[in-house]
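In: Next come a sequence and a model predicted from it.
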Amino acid sequence: PAPVVFRCRTAENARPAPKTTTSHTPRERPSATVPRRDPPRASEKRTTSHRSNLEAPRLVLSGNASCPVVSVATSPGGNFVAIASLGGGVRLFDSRTGVMLGAYDCRDRSSSPSSRPSSRPSSRAEDGKGVRGAVGVWFGPCGMPLVAAFADGSLVAWRINCDESRALRSPVELTGHTRRVTAACFADCNVLCTASADSTARVWNLAEMWNSREVTSVELVGHDGALTSCAVSSGGDGLPKLLATCDARGAFCVWF
């Protein structure tokens, strides 16, 4: 369908207003009206500018121009900050001291993640465009799971509950997507929803991380293009939770 185009009237294409003539006797002249100014009411409050407490950052961490940071996430308690950089992988910092607690790069894996067979074409060069770093990080609502996505299509998770796990060693690989994960959101502390460029969305049960290194997922198929975003409702007051996804071709789906 043809789009509806709205055009604003400007000084160039505006039509001249019709001239109005008033008849009056030679002795009578139109009197100029003086605008009346009402006194300010007592209920009206004047806006004053206040100095903000956020004028200076609390902590500044200098980076490297060759490794641009593309995603940042904070833990719900505010104790940790995680960043994803295209050249440096994932970094976890203490938000109070700025000390780096752990680092992980996709090249740290001994083997590449396995992918399920799929009839959809998979192009790593198209997804990552030659970049091998991290493209996104997300904390869970309870602060325990930390999830990171990489440009090569891999997706990993950590249980941030002790000093050893905060070093970002031995992550749990979430195998399923064949292309880069473009967005992620948490339905609760243990349910992760992801959208990928492979035209699918997945719902992961991260509660399995506590007893096993394999996490199962449910695949949601309904798009013809690469997914660009996803969002989940809170589901409060007894209402069911809804998952919404959208793709690069202009379609969106709602999952119950």
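Out: Ah, there it is. Numbering: from 1, shown residues only.
In: The longest strand belonging to the chain: what's the following helix or strand?
Out: For the chain, the strand with the greatest residue count under DSSP state E is strand 181-188. Using DSSP states H and E, the helix or strand that follows strand 181-188 in sequence is strand 191-196.
In: The longest strand of the chain: which residues count as buried?
Out: Residues 181, 182, 183, 184, 185, 186, 187 are the ones in strand 181-188 that count as buried (16 or more other CB atoms under 10 Å). Where C-beta positions appear, they are placed from N, C-alpha and C, glycine not excepted.
In: can the residues you listed go into a markdown table with extra columns for pLDDT and distance to residue 223?
Out: Shown next, in a markdown table, are the buried residues of strand 181-188 (pLDDT from 0 to 100; distance: CB to CB, whole Å):
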| residue | pLDDT | distance to residue 223 |
| --- | --- | --- |
| 181 | 95 | 14 |
| 182 | 95 | 12 |
| 183 | 95 | 13 |
| 184 | 96 | 16 |
| 185 | 95 | 16 |
| 186 | 93 | 21 |
| 187 | 91 | 19 |
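In: Closest one of these to residue 61?
Out: residue 184 (23.6 Å; CB to CB).
In: Contact partners for that closest one?
Out: By CB atoms under 8 Å, 6 or more residues apart in numbering, the residues touching residue 184 are 136, 138, 147, 149, 192, 193, 194, 195, 230.
In: Nearest to residue 166 among the buried residues of strand 181-188?
Out: Proximity of these to residue 166 (CB to CB) peaks at residue 186, which lies at 19.3 Å.
In: So what sits opposite that closest one in the bridge?
Out: Note on residue 186: beta-bridge partners by DSSP bridges are residue 192.
In: got it, and residue 217?
Out: residue 204.
In: Give me the pLDDT for it.
Out: Looking at residue 217, its pLDDT stands at 94.
In: can you tell me how far it sits from residue 181?
Out: From residue 217 over to residue 181 the distance is 12 Å, taken as CB to CB, to the nearest Å.
In: same question, residue 148
Out: Taking CB to CB, one finds residue 148 at 9 Å from residue 181.
In: Same question for residue 171.
Out: As judged by CB to CB, residue 171 and residue 181 stand 14 Å apart.
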